[in-house]
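Engineer: build the 3D model from these lines:
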Amino acid sequence: MAASSGRAATRVATGILITRILGFVRERVFAHYFGISQLADAFRAAMRIPNVVRVLLGEGTLSASFIPVYAGLLERGEEATARRVAGAVASLLVLATAVATVVGFFLAPAITAAVAPGFDAFTRHVTVRLVQVLFPMFGILILSAWCLGVLNTHGRFFLPYASGALWNIAQIATLIGLGGILVGVPLVMALAVGAIVGSILQLVVQLPSALKLAGGLEWHLGLGMPDVRRVLTAWAPVVVGAGVVQISGLIDTFLASLLGSGAVAVLVNAQFINLVPISLFGVSVAAVALPALSRDAVGPERGRVAEQITTGTRRILYFVVPSAYAFAALGVPIIGAILQTGRFGATDTELTAGVLAAYAVGLPAMASVKLFASAFYALGDTRTPVKIAATAVVVSAVTAATAMQVLGPAGIALGAAVGSYVNVTLLLRGLARRLPGPAAPAGVARTNLAVLTGALLATAAGVLIAHALHGAALPIVGLGAAAGFGVAYLIITAVLRHPEAVHLARQLRAGFTR
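Structural biologist: Alright, predicted model coming up:
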């Protein structure tokens, strides 16, 4: 089972990696045309505001409430009921997103004023226009989340996570195709339209497979079905929990808008890079674990839940801890290689690197939260993670508001890091009470000696390579330092016999000998 989940997590990570690589290209092209400017602030804020609706109704909440019920029905052989539940959830999503889109369009001015009060009149005006254009896009992406839930439950992990590449490609094509013709506001509005086209492509490429696996789509609200009510009952607290987390993101935007022009863009740029290991390793492991945890929680092997959490955490920390070290020590060459071009200069790189280093402090906790929360969802408890998230958000907001007075945007990132550790600590305590015994995850947050040793030595290797390549083109410096870091980390941890390193080394050897 561990090997199987490992292969599935690899497929998820591969899909995410493809999407993220194209995301790097998208960010580099965006930085070339907009840098850290008022338009960059406007676009970043506009993407974040309607994204709240996507997160509340989409991937995170849908997976937590829909997959356990849907997977349980399939496990018991109730395919017809599972198909009707899937159709009802899709119908409810269409209805909810239509209402949210209309409301969001008309309330865009008020929402923008509340979320980004520090914006000047011009930036606020552009942000409002962008929010109104982008709201329909997030409705489409919510339907993509339904496809993801169906595909993941049936063991199809690559497609839903790789489909996001089309969203990136559409935006890249828009900027490259129109960047020489349009400038300023017309270009940023065209980019918003390109993002909508990308969201449509992302949905279209998943829909045929999802419909086939679900046995078609029966449009009905299904409110009288007990299993649909179970989904909605579980959905409500998860939506509240997701709302709490999104409030944290909006608070960060609120605080950053008070720091002057460019602060929101700097914060989002650092977040984008920080999210790469979270998506590749935290999300991939949690995405594969949720269906399996849900089946074990209702099946005869409930005791395996703790074992799966422990294995998943070990896998996450093996990849995420060194990523945190790399971001803290190699932020300048990494960001320079990805973003420093056109209107994005060396000063912008250094400022973003400082924020990324602050995020790196909390990276291991940020990447682990979703796995631990998924364990609660699989056990039928969707309320405890909400309460814990609310506590973490309060801690994060207070820390950020205090630290930003001294550290600027980096203080906001530091607040997020502190809040993440509070979240993880409380989740682990809750799981330890529910899953007693030797396999309980009470101590899984402790990183083993192999990971720490490998990360420290690999950091030294990366810094030396960056120093040796000083003066070369920025992409060469960044790629060289990152590659040297990765190779050194794999070799050292393999020598120290870390299970993940040994498995990865075997896969690489097998690939080279074919």
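Engineer: let me see the contact set for the nearest residue to Phe43 once chain neighbours are set aside.
Structural biologist: Leaving aside its chain neighbours, Phe43 sits nearest to Val188 (5.5 Å; criterion: CB to CB, 6 or more residues apart in numbering). Placement of C-beta: from N, CA and C, glycine included. Val188 makes contacts with 34, 39, 42-43, 126, 130, as judged by CB atoms under 8 Å, 6 or more residues apart in numbering.
Engineer: how about the helix or strand harbouring Val188: buried residues?
Structural biologist: Here Val188, judged by DSSP states H and E, is contained in helix 185-214. Of all the residues in helix 185-214, those buried under the rule 16 or more other CB atoms under 10 Å are 187-203, 205-207, 209-210, 213-214.
Engineer: what about the helices in the stretch 151-300 of the chain?
Structural biologist: Along the stretch 151-300 of the chain, counting by DSSP state H, counting those that start in this stretch, helices occupy 158-162, 164-178, 185-214, 226-257, 263-277, 284-298.
Engineer: including distance to Arg20 and mean pLDDT, could those helices go into JSON lines?
Structural biologist: Formatted as JSON lines, the helices of the stretch 151-300 of the chain follow (distance: least, CB to CB, whole Å; pLDDT from 0 to 100):
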{"stretch": "helix 158-162", "distance to Arg20": "10", "mean pLDDT": "83"}
{"stretch": "helix 164-178", "distance to Arg20": "9", "mean pLDDT": "93"}
{"stretch": "helix 185-214", "distance to Arg20": "15", "mean pLDDT": "91"}
{"stretch": "helix 226-257", "distance to Arg20": "19", "mean pLDDT": "74"}
{"stretch": "helix 263-277", "distance to Arg20": "5", "mean pLDDT": "87"}
{"stretch": "helix 284-298", "distance to Arg20": "11", "mean pLDDT": "63"}
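Engineer: domain ranges for this protein?
Structural biologist: 2-447, 448-514 (automatic domain parsing).
Engineer: and among the ones you listed, the most buried is which?
Structural biologist: Highest mean neighbour count among those (mean count of other CB atoms under 10 Å): domain 2-447, with a mean of 21.
Engineer: how far off centre is it?
Structural biologist: Remark: domain 2-447 is offset 4 Å from the chain centroid, using CA atoms, centre = their mean, to the nearest Å.
Engineer: can you give the contact residues for whichever helix or strand Leu490 is part of?
Structural biologist: Assigned by DSSP H and E, Leu490 belongs to helix 474-495. With contacts defined as CB under 8 Å, 6+ apart, helix 474-495 is touched by 318, 322, 326, 330, 333-338, 340, 450-451, 453-455, 457-459, 461-466, 469-470, 472, 500-502, 504-505.
Engineer: take the residues you listed and keep only those in strands.
Structural biologist: Secondary structure from DSSP state E places none of the contacts of helix 474-495 in strands.
Engineer: among those residues, which are in helices?
Structural biologist: Here DSSP state H is the test, and those give 318, 322, 326, 330, 333-338, 450-451, 453-455, 457-459, 461-466, 500-502, 504-505 as lying in helices.
Engineer: show me where the chain dips below the pLDDT cut-off.
Structural biologist: 1-9, 52-64, 234, 236-246, 287-306, 435-447, 508-514 (pLDDT under 70).
Engineer: most centrally placed residue in it?
Structural biologist: Nearest to the geometric centre of the chain sits Ser279, at 4.8 Å (CA atoms, centre = their mean).
Engineer: isn't it right next to Ile18, touching?
Structural biologist: No - Ser279 is beyond contact range of Ile18, at 11.5 Å (criterion: CB atoms under 8 Å).
Engineer: before we move on, the earlier item: can you redo the helices of the stretch 151-300 of the chain as CSV with distance to Pro385?
Structural biologist: Formatted as CSV, these follow (distance: least, CB to CB, whole Å):
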stretch, distance to Pro385
helix 158-162, 23
helix 164-178, 25
helix 185-214, 27
helix 226-257, 5
helix 263-277, 20
helix 284-298, 12
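Engineer: for Val99, which of these is the nearest?
Structural biologist: Set against Val99 and scored by CB to CB, the helices of the stretch 151-300 of the chain come closest in helix 226-257, at 14.2 Å.
Engineer: so which strand or helix has Ala71?
Structural biologist: Per DSSP H and E: helix 59-75 holds Ala71.
Engineer: contacting residues around the closest residue in space to Leu456 that isn't next to it in sequence?
Structural biologist: Spatial nearest neighbour of Leu456, excluding adjacent residues (CB to CB, 6+ apart): Tyr325 at 7.1 Å. Counting by CB under 8 Å, 6+ apart, Tyr325 touches 360, 455-456, 458-459.
Engineer: what's the answer for Asp381, then?
Structural biologist: Arg434.
Engineer: tell me the secondary structure for it?
Structural biologist: Using DSSP: H, G, I helix; E, B strand; the rest coil, the structure places Asp381 in coil.
Engineer: what about it, distance to Val231?
Structural biologist: 15 Å (CB to CB, to the nearest Å).
Engineer: just Asn51 next, same as before
Structural biologist: 23 Å.
Engineer: what of Phe34?
Structural biologist: 41 Å.
Engineer: again, but for Ser261
Structural biologist: As judged by CB to CB, Ser261 and Val231 stand 44 Å apart.
Engineer: could you do Val133 as well?
Structural biologist: Taken as CB to CB, the span from Val133 to Val231 is 31 Å.
Engineer: now distance to Ser257 too, for the contacts of Tyr325, in a markdown table please.
Structural biologist: Converted to a markdown table, the contacts of Tyr325 look like this (distance: CB to CB, whole Å):
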| residue | distance to Ser257 |
| --- | --- |
| Ala360 | 24 |
| Ala455 | 35 |
| Leu456 | 38 |
| Ala458 | 37 |
| Thr459 | 34 |
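Engineer: out of these, which comes closest to Thr153?
Structural biologist: Using CB to CB, those come closest to Thr153 at Ala360, 33.7 Å.
Engineer: setting aside sequence neighbours, what's the nearest residue to the closest one?
Structural biologist: Phe327 (3.9 Å).
Engineer: verify the stated contact: Phe344 with Ser37.
Structural biologist: No - counting by CB under 8 Å, Ser37 is not a contact partner of Phe344; they are 9.5 Å apart.
Engineer: name all residues that make contact with Met225.
Structural biologist: Per CB under 8 Å, 6+ apart, neighbours of Met225: 81, 84-85, 88.
Engineer: from those, which land in helices?
Structural biologist: Among those, the subset assigned to helices under DSSP H consists of 81, 84-85, 88.
Engineer: out of the residues you listed, what pair is the most spread apart?
Structural biologist: Going by CB to CB, the pair spanning the ones in helices among the contacts of Met225 furthest: Thr81 and Ala88, at 10.5 Å.
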